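Engineer: How does the following fold in three dimensions:
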Amino acid sequence: MKIENILVVCVGNICRSPMAEYFLKQKFPNLSISSAGISGLIGHPADDKALQCMDRLNIDMRSHIARKLNADLIKKADLILVMSNNQQSHLEKTWPFAKGKTFRLGHWQNRNVPDPYQHDQAFFDQTCLNIQSYVQDWTSHI
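Structural biologist: A predicted model of the protein is given here:
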């Protein structure tokens with residue numbers, strides 16, 4: 001199957017999923033890549049600490065606006081990347097048609113991505129590095 005539309009999902013869509021989205025956009029500029037949150041903080045910008053991480057890597061996420069996950073986004077996606085086993089289970093139970101195209105971002109390293117929200121900058125920095133590594137793992141599979 002050809003992958004043209006990638007959806008990255010986390011809880012609020014202000015930390016992890018936007019970071020992964022922008023790393024993926026950098027790697028795959030010709031694909032349609034977006035993100036959303038299970039409990040999306042609709043209309044919020046990316047978290048300041050996430051912006052700082054990405055700024056250090058010369059990736060500007062300031063245009064990001066959080067949105068909430070819905071059935072249309074899942075239907076359009078060829079590949080859905082979530083942050084944890086629990087999120088994958090939730091998506092597949094809520095939207096059974098997500099099965100078979102939903103994987104953890106850290107799938108290839110058998111890792112979840114812990115939520116950095118309301119943690120210190122060091123936690124965000126480590127999360128950012130982990131996300132960057134997990135995105136790199138996907139490059140040979142997309």
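
Engineer: Find the residue at the geometric middle of this protein.
Structural biologist: The residue lying closest to the centre of the chain (CA atoms, centre = their mean) is Ser17, at 2.7 Å.

Engineer: Just list what the helix or strand hosting that residue packs against, helices and strands only.
Structural biologist: With elements taken from DSSP states H and E, the one containing Ser17 is helix 16-27. Using 3 or more CB pairs under 8 Å, 6 or more residues apart in numbering; DSSP states H and E as the contact test, the elements touching helix 16-27 are strand 5-10, strand 32-37, helix 48-56, helix 121-138. (Each C-beta comes from the backbone N, C-alpha and C, glycine too.)

Engineer: Pretty sure the residue nearest to the centre of the chain sits against Phe23.
Structural biologist: No - taking contacts as CB atoms under 8 Å, Ser17 lies outside contact range of Phe23: 10.8 Å.

Engineer: Next, the contact list for Gly40, please.
Structural biologist: Applying CB atoms under 8 Å, 6 or more residues apart in numbering to Gly40 gives the contacts Gly12, Asn13, Ala66, Arg67, Lys68, Leu69.

Engineer: For the nearest residue to Phe123 once chain neighbours are set aside, which three-state class applies?
Structural biologist: Once flanking residues are discounted, Phe123 sits nearest to Pro116: 4.9 Å by CB to CB, 6 or more residues apart in numbering. When classified by DSSP: H, G, I helix; E, B strand; the rest coil, Pro116 comes out as coil.

Engineer: Pro116 reaches Arg16, doesn't it?
Structural biologist: Yes - using CB under 8 Å, Pro116 is in contact with Arg16, at 7.1 Å.

Engineer: low-confidence ranges in the chain?
Structural biologist: 1 (pLDDT under 70).
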